[in-house]
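# Take this sequence and fold it.
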Amino acid sequence: MGENEGMLFVFSEATSICMWMQNTYIPLSIAFIDQDGTIISIDDMEPQTEQEHCSTKLLPYALEMNQGWFSKNNVLPGSKITGLP
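Numbering: from 1, shown residues only. Model prediction:
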């Protein structure tokens with residue numbers, strides 16, 4: 001994945017989100033984002049595992065980026081993401 005590219009998961013309604021990396025070959029970090037665009041939490045995920053990483057509340061968005069991207073760019077829980085659908 002490109003240095004500043006990621007995958008945004010948009011759910012039709014706020015839900016409990018759990019993600020895993022069974023068929024993924026690169027380490028990723030995931031941000032769980034609320035309806036206002038606020039990052040609630042960020043987890044690092046290891047490739048080719050079935051370990052679940054779950055949101056702590058009902059949310060409509062999850063954003064996966066290369067592992068370390070959030071910390072490298074000083075994006076922390078509480079940061080706001082703009083331009084979400």
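
# next SSE after the longest strand along the chain?
Criterion DSSP state E: the longest strand present in the chain is strand 6-15. Heading C-terminal from strand 6-15, the first helix or strand you meet, by DSSP states H and E, is strand 18-19.

# For that next one, name the packing helices and strands.
strand 53-54 (3 or more CB pairs under 8 Å, 6 or more residues apart in numbering; DSSP states H and E). Any C-beta I mention is one placed from the backbone N, CA and C, and that applies to glycine too.

# Tabulate the CA atom coordinates of stretch 57-70 in CSV.
Taking Å, rounded to 0.1, in the frame of the first residue of the first chain, the C-alpha atoms of stretch 57-70 are listed here in CSV:
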residue,chain,number,x,y,z
LYS,A,57,-18.5,1.3,21.0
LEU,A,58,-20.9,1.4,18.1
LEU,A,59,-19.2,3.2,15.2
PRO,A,60,-19.8,3.8,11.5
TYR,A,61,-16.1,4.0,10.3
ALA,A,62,-12.8,2.2,10.4
LEU,A,63,-9.6,3.4,8.7
GLU,A,64,-6.7,1.0,8.0
MET,A,65,-3.3,2.5,7.2
ASN,A,66,0.2,1.1,7.0
GLN,A,67,1.4,0.3,10.6
GLY,A,68,2.9,3.3,12.2
TRP,A,69,1.3,5.8,9.9
PHE,A,70,-1.0,7.3,12.6
